[in-house]
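Chemist: Requesting a structural model of the entry that follows:
(2 chains)
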Amino acid sequence: MNLKLDNETYWLVGGVLALLVIATLVGQWLRLRVRSEAGAKTVQNLNARTKAWWFMVIIFLLAMLTGSVGTVILFGLTSFLALREFITLTPTKLGDHRTLFWVFFLITPLQYWLVASGWYGLFVVMIPVYAFLFVPLRSALVGDCERFLERAAKIQWGLMICVYCVSHAPALLFLKIPGYEGQNGKLLFYFGLIVQISDVLQYVWGKTVGRRKIAPLVSPNKTWGGFLGGVATATLIGAGLWWATPFTPWQSAGMSLAITFMGFAGGLVMSAIKRDRGVKDYGTLIEGHGGVMDRIDSICFAAPVFFHMTRYFFT
Amino acid sequence: MTADLMVFLAKLISGANARWLGGAPEPRQRIYFANHTSNLDALVLWAVLPPEVRALTRPVAARDYWNTGVRRYLADKVFHAILIERKKPTAHDNPIGQILEAMGNDRSIIIFPEGGRFSGSEPMPFKSGLYHLAQKRPDVELIPVLMDNLNRILPKGEVLPVPLIGHVTFGAPIQLLPGETKPAFLERARAEVMRLHDL
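Modeler: Predicted coordinates for the structure are as follows:
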């Protein structure tokens, strides 16, 4: 299936590229102006993030240009890399080796094949039911009972978060929304834009006006100022983008509110896991951001909710 | 060509990145000694070295394992491995002499002083080869290396790798101290490798 390139798509893409140009210029301007050492560090991190954003946006656009199959493959690879980071941080035992082989090379590709095939019925139950039952069975056959439940739960959790939840984003391309046929590319773009810009805005608001921490033990960077400012502005942007979606402006605001809220929840929960494991980032793949998992934590929580809300109310 | 491909594959499968905690990688003669938990260890350690350092570095490997088929080809033509007899060394077939000869005056080597792969959480006691090398070549830097998580990627006895992320940590060089006994030196070398866990 090809994704139609209409005027609205050009406006969305053009808007994002314009934002990146502005962010790049502001970053360079700040670099010349900054005096203090701590400030220089923040600006350096900001510029590294902007550079990585260029890279991620261009990859995403290229994938969408190839059509829905390319996009599904891109999300599949993203899941694969996220799962790799997740399981690396999660202690499993040698008895789980064969199970993990299945998880990486069979269950993950199968889930994305189900997305691309549009087989909704199996897509929603394959991991929560069949993979859920298969994982402990395969490990039990090996016969190592030490910390058995804990090990099985960790693998199941990794699959749910990194693969199942993320796969709901490209699944947006296969929803049949009356009056919106062939335009689902914009819906995915809208989702990606809101969830990521909400992250960026929460970061910006947090750095500028954020003071009271929401959960200092979990994530010292998350403040009430950052949360409220980020949610409010991202929701406004979402409402302003209603023309690209099947929603009215009010519906679009509601959807964006749900996306930003879930995105925040994802960031908080995935931080709690990092704290528990004693690390700051899941990986080092994306300069300035950490690992893949650090960048998509908000997608993990937001994608299934946005998918089901759209599916329930609009198809 | 094959070497570039092997380096690419090793980095892809192991996701390994090198951390140099005890100084920078340099193209000078060194002995890298590491814990050994996976068949991937030698390949990955070799692959994460910068190209100009890698070109000078030869892994020391067991002849009984690397002597057949594809492994033989890789050992000879790609890694330029030094294949030693680990089962029954004789005066005639002495691994230390063979390694010293292969090192010459400019080659670095990679060795795994445990003498085999073990999957416990701590490395086994080191065999004495490292001590003899340190004694014969006091001018060569001994670099402790920790191979972390590789045993989860390809554990002993498994054929199919699981693509987790491995870490290779290079520590600060150590030397044989004047008057240091063999057991004391070997234990210190082993502790230096384990210490990298916590850094």
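
Chemist: Just to check, residue B:132 is in contact with residue B:96?
Modeler: Yes: using Cβ atoms under 8 Å, residue B:132 is in contact with residue B:96, at 4.9 Å. (C-beta placed from N, C-alpha, C; glycine too.)

Chemist: and the residue nearest to residue B:56 when sequence neighbours are not counted, backbone torsions?
Modeler: Spatial nearest neighbour of residue B:56, chain neighbours left out: residue B:108 (5.3 Å); criterion: Cβ to Cβ, 6 or more residues apart in numbering or on different chains. Residue B:108 adopts backbone torsions of phi -100, psi 160, taken as degrees, to the nearest 10.

Chemist: Quick check, residue B:108 in contact with residue B:25.
Modeler: No: applying Cβ under 8 Å, one finds residue B:108 not in contact with residue B:25, separated by 10.4 Å.

Chemist: can you list residues touching both of those two?
Modeler: residue B:53 (Cβ atoms under 8 Å, 6 or more residues apart in numbering or on different chains).

Chemist: Which of the two has more residues huddled nearby?
Modeler: residue B:108 (22 against 16; other Cβ atoms under 10 Å in any protein chain shown).

Chemist: give the contact list for that one.
Modeler: Residue B:108 neighbours (Cβ under 8 Å, 6+ apart): B:28, B:29, B:30, B:31, B:32, B:53, B:56, B:57, B:58.

Chemist: For the residues you listed, give me CSV that also has secondary structure, neighbour count and pLDDT.
Modeler: Listed next are those as CSV, based on DSSP: H, G, I helix; E, B strand; the rest coil; neighbours: other Cβ atoms under 10 Å in any protein chain shown; pLDDT from 0 to 100:
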residue, secondary structure, neighbour count, pLDDT
B:28, coil, 11, 90
B:29, coil, 18, 93
B:30, strand, 22, 94
B:31, strand, 22, 95
B:32, strand, 23, 96
B:53, helix, 18, 93
B:56, coil, 15, 92
B:57, strand, 20, 94
B:58, strand, 20, 93
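
Chemist: Of the residues you listed, which is the nearest to residue A:252?
Modeler: Proximity to residue A:252 was ranked across the contacts of residue B:108 by Cβ to Cβ; first place goes to residue B:53, at 55.6 Å.

Chemist: Lowest mean pLDDT among the helices and strands, pick that one out for chain B.
Modeler: helix B:63-66 (a mean of 83; mean pLDDT, DSSP states H and E).

Chemist: Check what contacts the helix or strand following it and list those residues.
Modeler: Counting by DSSP states H and E, the next helix or strand C-terminal to helix B:63-66 is helix B:69-73. Contacts to helix B:69-73, defined as Cβ under 8 Å, 6+ apart, come from residues B:65, B:66.

Chemist: For helix B:69-73, which residues meet the burial criterion?
Modeler: By 16 or more other Cβ atoms under 10 Å in any protein chain shown, helix B:69-73 has no buried positions at all.

Chemist: starting at the chain centroid, how far to the helix or strand that contains residue A:186?
Modeler: Here residue A:186 is covered by helix A:184-209, with elements defined by DSSP H and E. Offset of helix A:184-209 from its chain centre (Cα atoms, centre = their mean, to the nearest Å): 11 Å.

Chemist: Now do the buried residues in that helix.
Modeler: Going by neighbour count (16+ other Cβ under 10 Å), the buried part of helix A:184-209 is A:184-206.

Chemist: what's the longest strand belonging to chain B packed up against?
Modeler: Ordering each strand of chain B by length in residues (DSSP state E) puts strand B:141-148 first. Packing partners of strand B:141-148 (3 or more Cβ pairs under 8 Å, 6 or more residues apart in numbering or on different chains; DSSP states H and E): strand B:30-34, helix B:41-48, helix B:129-136, strand B:167-170, helix B:182-195.

Chemist: Show me what the third one is packed against.
Modeler: I take that to be helix B:129-136. For helix B:129-136, the packing partners by 3+ Cβ pairs under 8 Å, 6+ apart are strand B:30-34, helix B:95-103, strand B:108-111, strand B:141-148, helix B:182-195.

Chemist: how many neighbours does residue A:181 have?
Modeler: 9.

Chemist: do the same with residue B:96
Modeler: Residue B:96 has 17 nearby residues by other Cβ under 10 Å.

Chemist: can you tell me how far the nearest residue to residue A:257 once chain neighbours are set aside sits from residue A:31?
Modeler: Nearest residue to residue A:257, sequence neighbours excluded (Cβ to Cβ, 6+ apart): residue A:235, at 4.8 Å. Residue A:235 is 31 Å from residue A:31, where distance means Cβ to Cβ, to the nearest Å.

Chemist: Same drill for the two, tell me which one is more crowded.
Modeler: Neighbour count, other Cβ under 10 Å: between residue A:235 and residue A:31, residue A:235 has more, with 23 against 13.

Chemist: which phi and psi does the more buried one have?
Modeler: phi -70, psi -40.

Chemist: same question, residue B:140
Modeler: According to degrees, to the nearest 10, residue B:140 has phi -90, psi 130.

Chemist: Also residue A:134?
Modeler: phi -70, psi -40.

Chemist: Just give me the neighbour total for the residue nearest to it when sequence neighbours are not counted.
Modeler: Nearest non-adjacent residue to residue A:134, counting by Cβ to Cβ, 6+ apart: residue A:102, 7.2 Å away. The number of residues packed near residue A:102 is 17, by other Cβ under 10 Å.

Chemist: buried set for stretch A:263-273?
Modeler: Buried, per 16+ other Cβ under 10 Å, within stretch A:263-273: A:263, A:264, A:265, A:266, A:267, A:268, A:270, A:271, A:273.

Chemist: Can you give the distance of the helix or strand where the second one lies from its chain's centre?
Modeler: With secondary structure defined by DSSP H and E, residue A:264 is part of helix A:249-277. What separates the centre of helix A:249-277 from the centre of its chain is 10 Å, taken as Cα atoms, centre = their mean.

Chemist: which parts of the helix or strand following that helix are buried?
Modeler: Next helix or strand after helix A:249-277 toward the C-terminus (DSSP H and E): helix A:292-314. Buried residues in helix A:292-314, counted by 16+ other Cβ under 10 Å: A:292-307, A:310-311, A:314.

Chemist: same check, this time on stretch A:119-133
Modeler: Buried residues in stretch A:119-133 (16+ other Cβ under 10 Å): A:123, A:124, A:126, A:127, A:131, A:132.

Chemist: which ones are touching the nearest residue to the fifth one once chain neighbours are set aside?
Modeler: I take that to be residue A:131. Once flanking residues are discounted, residue A:131 sits nearest to residue A:107: 5.0 Å by Cβ to Cβ, 6+ apart. Each residue near residue A:107 by Cβ under 8 Å, 6+ apart is listed here: A:126, A:127, A:131, A:134, A:159, A:163.

Chemist: Check what pLDDT residue A:107 gets.
Modeler: For residue A:107, the model assigns a pLDDT of 97.

Chemist: and it, that's in a helix?
Modeler: Yes: Residue A:107: assigned to a helix according to DSSP: H, G, I helix; E, B strand; the rest coil.

Chemist: Next one: stretch B:184-199, is it in contact with chain A?
Modeler: No: Stretch B:184-199 is not in contact with chain A by Cβ under 8 Å from any Cβ of the partner chain; minimum separation 11.3 Å.

Chemist: and what of stretch B:2-9?
Modeler: No: shown here: stretch B:2-9 not in contact with chain A (Cβ under 8 Å from any Cβ), separated by at least 15.7 Å.
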